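# coords please:
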Amino acid sequence: MNTVEPDAIEVFNSRLILGIRNFQAERYAQKFGYPRVAGSDAHVPELVGTTYTVVEAENNVGSIMSSICDGKTDIQKNRTPITSFIKQVYMNNWKTSI
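So this is what the prediction gives:
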């Protein structure tokens with residue numbers, strides 16, 4: 001089986017309500033020396049940017065990728081509000097069946 005070497009590890013996903021997987025990802029990245037990134041995993045426009053990664057780089061893809069691989073990142077993290085999460089679950093599952 002082939003293995004893939006990641007450029008970075010997502011250590012914070014704002015939609016993970018309990019945060020256990022975020023904690024595990026953070027520990028893994030630290031243990032193996034991977035650069036850290038984060039994302040809001042927004043499913044609705046108002047949650048875009050809840051969590052994001054600041055990258056120290058010039059405004060081009062090569063510079064951005066190099067900076068991420070070099071760990072020149074800063075994570076700005078906020079969890080998705082539980083009320084937004086519940087609303088999304090409702091809208092995606094129950095409202096359509098009523």
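
# number of residues surrounding residue 60?
9 (other C-beta atoms under 10 Å). Every C-beta, even on glycine, is put in place using the N, C-alpha and C of the backbone.

# ignore the last one, residue 86
11.

# now do the one 3 residues further on
Counted with other C-beta under 10 Å, residues neighbouring residue 89 total 10.

# that one and residue 24, how far apart?
Per C-beta to C-beta, to the nearest Å, residue 89 is found 23 Å from residue 24.

# now residue 6
On the measure of C-beta to C-beta, residue 6 and residue 24 end up 15 Å apart.

# identify the residues contacting the spatially closest residue to residue 51 that is not a sequence neighbour.
Closest residue in space to residue 51, ignoring its immediate chain neighbours: residue 14 at 4.0 Å, by C-beta to C-beta, 6 or more residues apart in numbering. When contacts are counted by C-beta atoms under 8 Å, 6 or more residues apart in numbering, residue 14 touches 38, 39, 40, 41, 42, 47, 50, 51, 77, 78, 79, 80.

# sweet, I'm off.
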